[in-house]
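**Q** Following is a predicted model, sequence given first.
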Amino acid sequence: MTTTQTSDTPAARDSRSGGRIAAIVAGALIALAGMAVAAVGGILLGLFGGDGTIASGSHPLSTSRTALVSSVADIDDISSVADLVGDPRIRITAHSGDGGEALFVGIGRAAQVDRYLASVPTDVVTDFELDPFELTREPRDGSRQPAPPADQNIWVASGTGADSATLRWKVRDGDYRLVLMNADGSRGVNAEGDVALTASHVPTIAWSMIGGGVLLLLVGVATIGLLGRRPGTSRG
């Protein structure tokens, strides 16, 4: 009886070598993708923490004019974002400086706020930087002192206080202004403020990314270890 032996031809060796290289490349790409996904999840968790809140820290928000006003904040399709990250909520707190006036902070529809502050001297914030903190302002001249802001029915969220004023707002679609003033509408606002954004689903998303990234990393390493090693070799 004749036994036929299959020769290990150069073409067969090249095919196996090419397969091992492809497995190593694929495994490395999967492992790198897993590391990237896990890293993003870790960054999100570090920024938002376990309660899904990211805070700006306290920064000076003073003006010699009557009001510090945000530029146009046009918010669209917030419902689609809310489905993913949870209903975004903003908390804004302004703290009065030593001997300062009672403060008011409010968010209102842009058109209504603009009418209320017409001919009032304001600083409009057009841009800001967090590190280092810096506000870019556009001064608007005027001479009129407005009625106390808390007496107006234009605010979707507001807060007033002698030492600090805090508002909490569930973000909604629309065109809004954020306003910081003295509670009596007088000139010269001396305050420090901080802003916090809460997105309740972010911690769950972050942990899912970390877990998924670790799983991809393990799959990549296993692919390199199992498919990338030479035939006939064993772990020892």
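**A** Alright, I've got the coordinates. Computed from a prediction, not measured in an experiment: that's the story for all the values here.

**Q** Could you pull out the buried residues of stretch 209-223?
**A** 209-210, 213, 216-217, 219-220, 223 (16 or more other C-beta atoms under 10 Å). To be clear about C-beta, it is placed using only N, CA and C from the backbone, and glycine gets the same treatment.

**Q** ok, so of the residues you listed, who is nearest Ala28?
**A** Nearest to Ala28 among the buried residues of stretch 209-223 is Gly220, at 6.5 Å by C-beta to C-beta.

**Q** Chain neighbours aside, what residue packs nearest to that closest one?
**A** The shortest distance from Gly220 to any residue other than its chain neighbours is 2.9 Å, reached at Ala31 (C-beta to C-beta, 6 or more residues apart in numbering).

**Q** name the helices or strands packed onto the helix or strand containing that neighbour?
**A** Counting by DSSP states H and E, the element that carries Ala31 is helix 10-48. If contacts are counted by 3 or more C-beta pairs under 8 Å, 6 or more residues apart in numbering; DSSP states H and E, helix 10-48 sits against helix 202-227.

**Q** The helix it packs on - contacts with which helices or strands?
**A** Helix 202-227 is packed against helix 10-48, helix 78-85, with contacts defined by 3+ C-beta pairs under 8 Å, 6+ apart.

**Q** looking at those helices, which is buried most?
**A** helix 10-48 (a mean of 15; mean count of other C-beta atoms under 10 Å).

**Q** Can you give the distance from that helix to the centre of its chain?
**A** 29 Å (C-alpha atoms, centre = their mean, to the nearest Å).

**Q** could you check the angle helix 202-227 makes with that helix?
**A** Taking axes from the mean of the first three to the mean of the last three C-alpha atoms, to 10 degrees, one finds that helix 10-48 is oriented at 160 degrees with respect to helix 202-227.
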